[in-house]
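# heads up, no residue letters with this:
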């Protein structure tokens, strides 16, 4: 029997692939992002605990996550009512808008020893194989460098517990499940302080 998330990923690819070949409209994405400012912050830089910054994320990462929320594969009380009203074009435009913004600038690292442990954990878990050596991400993998530390902690805990699934063959659940709490803390700290 096919994996629900594998089927959803195929539907997302189909939905995004059948959209007209014209370029996404960044200005329309900016206008639509007015709905997002309350949580994700001005210019996509979140000031709210456990809420990710979206600035500098790759357009396809944004698009896929919005489709996951819209389809109910990802659940969030605040997101659900907002994404239900988004069209595929809105989603494309939001992805283009957030991708056009400069990523957040991390705060100075206040615990380099913890970051060193996080770098070791990242290397041991082969995080760079999807998120790149710079952790700037790719079309399919989120930018982690400079993301809010509290959000990274939440996301890793959600993947570890199974509350959140990754795309494709659920690689994130496989990576996060064996992580010890100390590794999760170190990883989140390390990634949050990367430029």
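Received the coordinates, thanks. Since the model is a prediction, treat every value here as computed from it, not as a measurement.
# most centrally placed residue in this protein?
residue 142 (4.6 Å; CA atoms, centre = their mean).
# ok, and the closest non-adjacent residue to that one?
Among residues not flanking residue 142 along the chain, residue 61 sits closest, at 4.9 Å (CB to CB, 6 or more residues apart in numbering). Using the backbone N, CA and C atoms, a C-beta is placed for each residue, glycine as well.
# How many neighbouring residues does that neighbour have?
21 (other CB atoms under 10 Å).
# what helix or strand is it on?
helix 59-71 (DSSP states H and E).
# From residue 101, how far off is the nearest residue to residue 97 once chain neighbours are set aside?
Excluding its sequence neighbours, the residue lying closest to residue 97 (CB to CB, 6+ apart) is residue 29, at 2.9 Å. As judged by CB to CB, to the nearest Å, residue 29 and residue 101 stand 10 Å apart.
# Now residue 172: which helix or strand?
Counting by DSSP H and E, residue 172 is found in helix 171-176.
# Which elements pack onto that helix?
helix 149-161 (3 or more CB pairs under 8 Å, 6 or more residues apart in numbering; DSSP states H and E).
# mind listing what's buried in the helix it packs on?
149-160 (16 or more other CB atoms under 10 Å).
# do the same with stretch 67-75
Buried residues in stretch 67-75 (16+ other CB under 10 Å): 67-70, 73-74.
# same check, this time on stretch 172-189
Buried-residue list, stretch 172-189, by 16+ other CB under 10 Å: 172-173, 175-176, 179, 183-189.
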